[in-house]
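*Asks:* I'd like to go over a predicted model; first the sequence, then the structure.
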Number of protein chains: 2
Amino acid sequence: MLNVLLVEDDLDLADTVIQYLELEGIRCDHGANGMAGLQLAKEGGYQVLLLDLNLPRLDGLSLCEQLRASGDDTPILMLTARDGLNDKLAGFEAGTDDYLVKPFALQELVVRLEALARRRSGQVRKLSCADLEMNLSDKTVTRNGVTLKLSPIGWKLLESLLRASPEVMSRQELEEAVWGDDIPDSNSLKVHIFNLRKVIDAPFPRNLLHTIPGHGFAIHEDK
Amino acid sequence: MLNVLLVEDDLDLADTVIQYLELEGIRCDHGANGMAGLQLAKEGGYQVLLLDLNLPRLDGLSLCEQLRASGDDTPILMLTARDGLNDKLAGFEAGTDDYLVKPFALQELVVRLEALARRRSGQVRKLSCADLEMNLSDKTVTRNGVTLKLSPIGWKLLESLLRASPEVMSRQELEEAVWGDDIPDSNSLKVHIFNLRKVIDAPFPRNLLHTIPGHGFAIHEDK
DNA sequence: TTCTACCTTAACCCTCTGTTAACCATCCTT
DNA sequence: AAGGATGGTTAACAGAGGGTTAAGGTAGAA
């Protein structure tokens, strides 16, 4: 079930939206100002965020920027006033994924929400591949029921790979996922992949982490 | 300068859009029906395609599907009628990147165009020709169900050729596709084409990679 | 402080791949 | 028939890519 957060100071509008979404089977929490919204968003668990551009205490754009800066990549749909053309452009810069101009049709909102939720196929309380499970809530990884111990970097690597699974991630994408723009000079990634394999694959009969020569790495059941 | 293609049968609307876009510094070609649009789109060079959903001769959705199937991943913005909720969902399935409900504000169109132009669609997941299939997600190539092993350069060559298929690519175009501006001195391309043939054609009864003397190479079923 | 866990780095290995320069075949031109 | 242009085939070598190991370094915990 889709679970979204609406941050909106117009309480009438918020109420309308929430009721409509409920009818469509979408759960919708509500924050009435920017600070409250940030708090709620950080507690996480939402597949999509719905931000009003003009918010008391912390506007939607800054809120968006702060979230992105903190590594949150939940899809964000921005609600803008009628003539906010420049706002829209600024919105895309700040990391917004989509926007909707007020007043908008509620159907429109639903379609866009669902498209966004699908794009970064959320559901992320738990990531898994075959018998390997990563629980994001309590930060544990198990394979075939056995609890595994990962280093912080190992965790990030595995999380990225599982999110992408079964797609291939290039070395560059992985490096960016782990270190951002501050990538170490040498062959750190190689070593961390090696260590990750020791933990998640070596003790088990079938490997999940595969090298795709010339392209990168992918995690999936082999055929 | 942004260069887009509008496929729209309502000539009044088309005219309005084109004029507005010109004012915004966006070049806009026009096709009046689906078949014409497909033709123009295939000739390429557009950063974004703007398709009307309801077109004579070939509707926007099918047009979109055909383009995706042929390996074209130019971003597509679909123009839909007022109540086309289901159409929209179908649109996303078919490989549309965004849509706009008629009647729309021209400003709105411009913003969305510019947002789309910034990225490649990424909707194309598979390229194929006859029984040869290239899966861009998991980076595998199969022919007649058999998995083939390609070198990195072999992969780039085949990807370029399949995207162009059934058109011919000149040696120069291929070299640019593989090496960019840093093309090796000697006959590397010959050797790589030879090696590619060994993998994708030699083990099979019918050849797909053809030399077009004096022009280059093309991949297609022979007649 | 010492201990521990973890990250970075460099070195080594082996395999695979790309480049190169040959040589060969065919066709076209003169 | 000779010679050049175009395209196909082969093998040698150098280098890149990828896997493995071990030696410091750093930061936080005890």
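*Replies:* Structure's in. What do you need? What you see is a predicted model; the values in this text were computed from it and never measured.
*Asks:* for the rest of this, base every contact and every neighbour count on C-alpha atoms.
*Replies:* Will do.
*Asks:* show me what from chain A comes close to DNA strand C.
*Replies:* With C-alpha under 7 Å from any atom of the strand as the criterion, chain A meets DNA strand C at residues A:150-154, A:184-188, A:191-192, A:213.
*Asks:* what's around the residue nearest to A:R68 when sequence neighbours are not counted, how many residues?
*Replies:* Counting by C-alpha to C-alpha, 6 or more residues apart in numbering or on different chains, A:G95 is the residue found nearest to A:R68 once chain neighbours are left out, at 6.8 Å. For A:G95, the neighbour count with other C-alpha atoms under 10 Å in any protein chain shown is 19.
*Asks:* which ones are touching A:G95?
*Replies:* Counting by C-alpha atoms under 8 Å, 6 or more residues apart in numbering or on different chains, A:G95 touches A:C64, A:E65, A:R68, A:I76.
*Asks:* can you redo those as TSV with pLDDT and secondary structure?
*Replies:* Below are those laid out as TSV (pLDDT from 0 to 100; DSSP: H, G, I helix; E, B strand; the rest coil):
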residue	pLDDT	secondary structure
A:C64	81	helix
A:E65	79	helix
A:R68	71	helix
A:I76	87	strand
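*Asks:* just the buried residues of the residues you listed.
*Replies:* A:C64, A:E65, A:I76 (16 or more other C-alpha atoms under 10 Å in any protein chain shown).
*Asks:* how about the strands in chain A?
*Replies:* A:3-7, A:27-31, A:48-52, A:76-80, A:98-101, A:126-129, A:132-135, A:140-143, A:146-148, A:209-212, A:216-219 (DSSP state E).
*Asks:* elements contacting the second one?
*Replies:* Applying 3 or more C-alpha pairs under 8 Å, 6 or more residues apart in numbering or on different chains; DSSP states H and E, one finds that strand A:27-31 makes contact with strand A:3-7, helix A:11-23, helix A:34-43.
*Asks:* picking up where we left off before, how about the strands of chain A, which one is nearest B:A218?
*Replies:* Evaluated over the strands of chain A, closeness to B:A218 peaks at strand A:209-212, with 26.9 Å, by C-alpha to C-alpha.
*Asks:* that closest one pairs with which strands?
*Replies:* On the basis of DSSP bridges, the sheet neighbours of strand A:209-212 come out as strand A:216-219 (antiparallel).
*Asks:* tell me if the strand it pairs with is near DNA strand D.
*Replies:* Yes. Interface with DNA strand D: strand A:216-219 contributes A:G216 (C-alpha under 7 Å from any atom of the strand).
*Asks:* show me the shaky parts of chain A.
*Replies:* Across chain A, the ranges flagged by pLDDT under 70 are A:44, A:69-72, A:81-94, A:103, A:105, A:118-126, A:137, A:223.
*Asks:* list the buried residues in stretch A:156-175.
*Replies:* In stretch A:156-175, counting by 16+ other C-alpha under 10 Å, buried: A:156-169, A:174-175.
*Asks:* I should have written stretch A:198-210 there, sorry.
*Replies:* Residues of stretch A:198-210 classed as buried: A:V199, A:I200, A:D201, A:L208, A:L209 (neighbour count, 16+ other C-alpha under 10 Å).
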